[in-house]
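# Return atomic coordinates for the entry below.
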Amino acid sequence: MPLLLQALLPSTLPSSSSLLNPSLSKNAPFSCPHRFSALKYPSSRRLLRCSLVSVSTEVPPTMGEPRGARLSPAEVSRTIMELSSTGTLSTLTPEGWPLGIGARFVVDARGAPALCLSQPDSLFGIGGRASFHVQFEQSGSRTPQCTLLGSLSKPDDELLLRKLRMKWEKQFGEQVNGELVYLMSIERVLHMEDFKENGVWVACSEYMNADPDPLRDFAEKIVEEMNLRHAEDVQRLCNVFVDSGFQVMGAKMIWVDRLGFDMHFYSEKGVFAARIPFPREVADEKGVKSSFNSMSHLAWEVEKNYVVPDFEKVTCLKKIM
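Residues are numbered from 1 along each chain as shown. Presented below is the predicted three-dimensional model:
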């Protein structure tokens, strides 16, 4: 039996007699993962302070990977901004020198960062062009990042300023002087999946209209527990759902979101990355645990030859080492 514990992934498993049946019901939710399509959430937010940019933000699906298997660059960038609390503000000094300084921040409802800057006029001019770079390490193996381009100004909305100060106190455990708060007006965003990866430009409107991933607050906890307590199941998921063409010596889960999870696996040919989609989109911690439990059980049945795999395997592999 797979090693996923009931305490982590509660689910009712089939009886031992049903496991000996070589055929799996076509109505079983995880018998054909490729038949489920990802859901899309409409957004009715009104966008403010967005410049018009002629930047293509359409990212074609990767060959060998189902369409809708991963979050968009805009969604990943919004998620990074929600999970991080520090970044690097870069701009020009009055003398024309490029200068980058570390800064803590919170974000408003549209994903715009609000920074606390003490005497910024002595370093650079407020209102000029600036960039804000933020990155977030995942499982010590990948660092997605985004760089926001725009300008800084003091928020002129008292209600917005009050909300930002409350969020600052909640996140950092201290009050902030409203006179030192500056809000960034975003023009566009550069998203990168990791170091040494090519960047993708994201339009301001797409960034502000995107929603951060709903699993972000507990994704790291689930990934850590899967890798530490259920390593055998993690490798089994890789063996069964990924068509690598060679023997996998080890596997590690890197991150999970509402559409699926990212894996690194190790072989004599090197280290590879793969994306395994969920059969259906999940929206909360219970849904993630249920999906992992069902997929792990199906993988165990396939490994034991109790059922014939009736799903589309992942064939998109990227060598990273």
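# can you pull out the helices in the stretch 51-200 of the chain?
73-83, 158-172 (DSSP state H, counting those that start in this stretch).
# And those: which comes nearest E224?
When the helices of the stretch 51-200 of the chain are compared by CB to CB, helix 73-83 sits nearest E224, at 14.6 Å. Backbone N, C-alpha and C define where each C-beta goes, glycine included.
# model confidence over that closest one, on average?
For helix 73-83, mean pLDDT rounds to 98.
# May I have it as CSV, with CA atoms only?
Once side chains and other backbone atoms are set aside, the C-alpha atoms of helix 73-83 remain, and they are given as CSV (Å, rounded to 0.1, in the frame of the first residue of the first chain):
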residue,chain,number,x,y,z
PRO,A,73,3.3,34.1,-15.3
ALA,A,74,0.9,36.8,-13.9
GLU,A,75,-0.6,34.4,-11.4
VAL,A,76,2.9,33.2,-10.3
SER,A,77,4.1,36.8,-9.9
ARG,A,78,1.1,37.7,-7.8
THR,A,79,1.7,34.6,-5.7
ILE,A,80,5.4,35.6,-5.2
MET,A,81,4.4,39.0,-4.1
GLU,A,82,1.9,37.7,-1.6
LEU,A,83,4.4,35.2,-0.1
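# Which strands and helices lie in contact with it?
When contacts are defined as 3 or more CB pairs under 8 Å, 6 or more residues apart in numbering; DSSP states H and E, helix 73-83 sits against strand 129-135, strand 145-153, strand 181-192, strand 199-203, helix 204-209, helix 216-229.
# could I get the ones you listed as JSON lines with mean neighbour count?
As requested, these are arranged in JSON lines below (neighbours: other CB atoms under 10 Å):
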{"stretch": "strand 129-135", "mean neighbour count": "19"}
{"stretch": "strand 145-153", "mean neighbour count": "21"}
{"stretch": "strand 181-192", "mean neighbour count": "22"}
{"stretch": "strand 199-203", "mean neighbour count": "20"}
{"stretch": "helix 204-209", "mean neighbour count": "23"}
{"stretch": "helix 216-229", "mean neighbour count": "16"}
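# rewinding a little: do you know which of the helices of the stretch 51-200 of the chain lies nearest G287?
Checking those against G287 by CB to CB gives helix 73-83 as the closest, at 17.2 Å.
# which residues sit against that closest one?
Taking contacts as CB atoms under 8 Å, 6 or more residues apart in numbering, the residues outside helix 73-83 that touch it are 57, 59, 71, 107, 111, 113, 134-136, 144-146, 189, 191, 193, 200, 202, 206-207, 209-213, 216, 257.
# go on, stretch 243-252?
Taking contacts as CB under 8 Å, 6+ apart, the residues outside stretch 243-252 that touch it are 139, 141, 227, 231, 234-235, 237-239, 242, 263-269, 272, 274, 313-315, 317.
# Are any of those residues buried, and if so which?
Buried members of those, counted by 16 or more other CB atoms under 10 Å: 141, 234-235, 237-239, 242, 263-266, 272, 274, 314, 317.
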